[in-house]
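>>> Provided below are the primary sequence and the corresponding predicted coordinates.
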Amino acid sequence: MVGYQPRTGFYNVVHADLFGEDWLEEVEFPEETIEHVAERLLEDGSAGSEEEAREMALDELYEALQYCLWYYESSVIDVKTALKCSLVPFQLRGFFFLALGGCGMDLSPKLDAYQVLTAHTIDPDSKFIHEPEYARYVVGEEVFKEVMDIITPLLVAEKLSEG
């Protein structure tokens with residue numbers, strides 16, 4: 001069953017200042033995350049060897065964290081789904097966080113997609129509900145379709161109950 005759950009109820013939002021100085025030195029990336037990025041770098045020809053791809057992947061991941069000031073702690077740990085939603089999963093001091101991997105535009109549909117795909121809940125203010133074309137643009141067609149397949153029955157049921 002899909003249910004509404006505000007993003008603030010699903011994620012603990014943490015500002016980078018709360019991590020203290022030199023926090024990036026303590027970050028650990030799940031091996032699956034490093035391999036995912038390294039594979040892409042090999043496939044697109046950016047890296048010539050697996051060793052180079054791994055090194056470049058780590059650089060890219062650390063750089064992605066530096067773009068953001070806000071990070072999202074989730075009690076649901078699903079690295080594969082985070083990567084599918086184009087989020088950057090990482091661990092810091094024993095906690096699992098997600099980074100948007102960019103800034104300058106509203107990337108909240110990535111978080112909404114992760115929430116729907118892992119917990120079958122959705123923020124009632126989600127772009128998937130109010131601006132679906134924008135959500136599609138941010139997460140891509142495949143993830144958009146998967147999210148909509150989960151939330152559409154809820155939205156239809158809600159409309160019917162409103163009479």
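On my side now, so go ahead.
>>> if I look at Val37, how far off is Glu73?
Using C-beta to C-beta, to the nearest Å, Val37 is found at 22 Å from Glu73. C-beta: built from backbone N, CA, C; applies to glycine.
>>> So for these two, which sits in the more crowded spot?
Val37 (22 against 13; other C-beta atoms under 10 Å).
>>> looking at it, that one is touching Tyr62, isn't it?
No. Counting by C-beta atoms under 8 Å, Val37 sits too far from Tyr62 to count as a contact (11.0 Å).
>>> where's Leu83 relative to Glu158, distance?
Taken as C-beta to C-beta, the span from Leu83 to Glu158 is 31 Å.
>>> So which of those two has more stuff around it?
Per other C-beta under 10 Å, whichever of Leu83 and Glu158 has more neighbours is Leu83, with 17 against 11.
>>> what phi and what psi does the backbone show at the nearest residue to the more buried one once chain neighbours are set aside?
Leaving aside its sequence neighbours, Leu83 sits nearest to His36 (C-beta to C-beta, 6 or more residues apart in numbering; 5.1 Å). With angles defined as degrees, to the nearest 10, His36 sits at phi -60, psi -50.
>>> what's the spacing between His36 and Val13?
Distance from His36 to Val13, counting by C-beta to C-beta: 25 Å.
>>> Next: Val88.
From Val88 across to Val13, the span is 15 Å (C-beta to C-beta).
>>> Of the two, give the one with the bigger neighbour count.
Higher neighbour count among Val88 and Val13: Val88, with 25 against 11, using other C-beta under 10 Å.
>>> And the strands in the chain, which stretches?
For the chain, strands defined by DSSP state E occupy the ranges 3-4, 11-15, 70-74, 88-92, 95-99, 121-122.
>>> Quick one, which of those gets closest to Ile151.
Proximity to Ile151 (C-beta to C-beta) singles out strand 121-122 among the strands of the chain, at 5.5 Å.
>>> tell me what that closest one is packed against?
Packed against strand 121-122 by the contact rule (3 or more C-beta pairs under 8 Å, 6 or more residues apart in numbering; DSSP states H and E) you find strand 3-4, helix 108-119.
>>> Same list (these) but as CSV, adding mean pLDDT, mean neighbour count and distance to Phe29.
Listed next are these as CSV, based on pLDDT from 0 to 100; neighbours: other C-beta atoms under 10 Å; distance: least, C-beta to C-beta, whole Å:
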stretch, mean pLDDT, mean neighbour count, distance to Phe29
strand 3-4, 44, 12, 31
helix 108-119, 94, 23, 17
